[in-house]
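> no sequence on this one, just coordinates:
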């Protein structure tokens, strides 16, 4: 069976690309290895409760009616209404380090004032950094590839403030250990501090279900339990895709959101040019409470915390690293109606290899121990909620590996991004995290951008709009 385009992966980028192509009358098939959609941002049901995977908050938030910015452009490109996402802004978040905390909301002026108050000697340097981030353009490739830590150190001299700025940006979008490319740093700074955080009332499943509904209404085909085993190549092109069940499918173009490393493995990429596998993965704990977190004093939306002298961003030697992490209360957004049961989610760095080597018995014991250690670490920064927990779950890097296929359970993929989306094969393109855009909005922009640029003959206005969105993320 032949299609105009075959898309590997029913995550946000794959679904957005599929919708965009289907709008232009292309015959599109999305292949998903698993029984559910979403990829890195999915959901599951356990003991009658719905749990989100991945989504703490959606970055790049702008209010309803905003005409500029990545979110507004996505709505136009996918022809969605604001109400289709049902977004509510954050209540307010914090970066908590020893002896100092910086609060921020979706109004950048609060974060700016916090930096000025707690780091008065860095006021001018911070303003220069903010200006550089605002003026940053992806078209300046030499600047994009430079070390963000080296560049930021040119403006800000206090290592504590540098670490506090990097902490949320790296937790929410850095595949590179110890550092970030300045381009990615600018992307994340703008998306978190200059625009802000929001969340759909029903979580990520609302976004995913609306995307799937629109894709199918446009005539797109979504096939679950349809993993790609191999891409057969002929004369510098993907000739057909062999699925896990042995059947084959053909497409004039192939867009892969499976990850750069994993995609190259499927098609036998050029020797000597194998991209580097990512090393950064997480353990996340989910605790259901019999009270809303806010009634217990946990009134922040997200807390990015660190308790050591310096912030460490690398794969830990042990199973987990509890020196830093992210505490998210999904209830603490400005919802028009209560969300339901209280919930606290905590994310910490983890070592995939260490988890992979455990026996089933050791794995179960390690999950329980990790849950207790991570939550004990978190209650240093929020009121102790542990006596109010009525249900919990934990997922590990091996869980991430199983449901995404990413080597090492690397949430943000390879550090070597492929911004052009092109590969050594004429009709194979990369979209999603390893194209270089991350987060809910970023991955959808990536899917749309790759569909526009490599498959569609869209108008210059459409292309310019989505390129502008990718530059602003």
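Alright, I've got the coordinates. A quick note: this is a predicted structure, and the numbers were derived from the prediction, not measured. Residues are numbered from 1 along each chain as shown.

> packing partners for the host helix or strand of residue 15?
Following DSSP states H and E, one finds residue 15 within helix 12-23. The helices and strands touching helix 12-23, judged by 3 or more CB pairs under 8 Å, 6 or more residues apart in numbering; DSSP states H and E, are strand 2-8, strand 28-31, helix 70-78, helix 204-217, helix 439-454. C-beta coordinates here come from the backbone N, C-alpha and C atoms, glycine included.

> tell me what the fourth one is packed against?
This means helix 204-217. Packed against helix 204-217 by the contact rule (3+ CB pairs under 8 Å, 6+ apart) you find helix 12-23, strand 42-46, strand 49-53, strand 221-223.

> Burial-wise, tell me which of the ones you listed comes out on top.
helix 12-23 (a mean of 29; mean count of other CB atoms under 10 Å).

> what ranges do the strands span in the stretch 151-300 of the chain?
Along the stretch 151-300 of the chain, the stretches classed as strands by DSSP state E, counting those that start in this stretch are 198-200, 221-223, 228-234, 237-243, 248-256, 281-289.

> Output the contacting helices and strands for the first one.
It refers to strand 198-200. Looks like strand 198-200 contacts strand 87-89 (3+ CB pairs under 8 Å, 6+ apart).

> immediately after the strand it packs on, which helix or strand?
strand 93-97.

> For residue 202, which of the helices and strands packed on helix 204-217 is the nearest?
Proximity to residue 202 (CB to CB) singles out strand 49-53 among the helices and strands packed on helix 204-217, at 8.3 Å.

> Can you tell me the strand partners of that closest one and which way each runs?
strand 42-46 (antiparallel) (DSSP bridges).

> Looking at the strands of the stretch 151-300 of the chain, which is nearest to residue 269?
strand 228-234 (9.9 Å).

> What residues of that closest one count as buried?
By 16 or more other CB atoms under 10 Å, the buried positions in strand 228-234 come out as 228, 231, 233.

> Please determine how far the first one is located from residue 259.
Meaning residue 228. 12 Å (CB to CB, to the nearest Å).

> between the buried residues of strand 228-234, which is nearest residue 448?
Using CB to CB, these come closest to residue 448 at residue 228, 21.9 Å.

> ok, the closest one - contacts?
Residues in contact with residue 228 (CB atoms under 8 Å, 6 or more residues apart in numbering) are 8, 31, 33, 241-244, 258, 266.

> The same query, at a cut-off of 10 Å, please.
If a contact means CB atoms under 10 Å, 6 or more residues apart in numbering, then residue 228 has 6, 8-9, 31-33, 241-244, 249, 254, 256, 258, 262-263, 266-267, 405 as its contacts.

> Just the buried ones from the residues you listed?
6, 8-9, 31-33, 241, 243, 249, 254, 256, 258, 262-263, 266-267, 405.

> Output the below-cut-off pLDDT ranges for the stretch 201-350 of the chain.
271-273, 338 (pLDDT under 70).

> One more pass at 80, please.
The model of the stretch 201-350 of the chain has pLDDT under 80 over residues 202, 270-274, 337-339.

> quick one: contacts for the residue nearest to residue 63 when sequence neighbours are not counted?
Nearest residue to residue 63, sequence neighbours excluded (CB to CB, 6 or more residues apart in numbering): residue 89, at 7.7 Å. By CB under 10 Å, 6+ apart, the residues touching residue 89 are 57, 61-63, 105-107, 196-199, 301, 333-335.

> for the record, mean pLDDT for the strand or helix carrying residue 403?
Element membership for residue 403 (DSSP H and E) is helix 397-404. Averaging pLDDT along helix 397-404 gives 89.

> So which other helices or strands are in contact with it?
For helix 397-404, the elements it packs on are strand 42-46, strand 49-53, strand 281-289, strand 342-350, helix 352-356, helix 360-378, judged by 3 or more CB pairs under 10 Å, 6 or more residues apart in numbering; DSSP states H and E.

> Also compute the angle for the third one relative to strand 49-53, please.
Taking axes from the mean of the first three to the mean of the last three CA atoms, to 10 degrees, strand 281-289 and strand 49-53 form an angle of 150 degrees between their directions.

> looking just at contacts, which helices and strands does strand 281-289 meet?
Using 3+ CB pairs under 10 Å, 6+ apart: strand 281-289 touches strand 49-53, strand 320-328, strand 342-350, helix 352-356, helix 360-378, strand 389-395, helix 397-404.

> Show me what the fourth one is packed up against.
If contacts are counted by 3+ CB pairs under 10 Å, 6+ apart, helix 352-356 sits against strand 281-289, helix 360-378, helix 397-404.

> one more time with 8 Å, if that's ok
helix 397-404.

> Just the angle for the helix it packs on relative to strand 320-328, thanks.
60 degrees.

> now the following helix or strand past helix 397-404, how far from the chain's geometric center?
Note on helix 397-404: by DSSP H and E, the next helix or strand toward the C-terminus is strand 428-430. Once both centres are worked out by CA atoms, centre = their mean, to the nearest Å, strand 428-430 turns out to sit 19 Å from its chain's centre.
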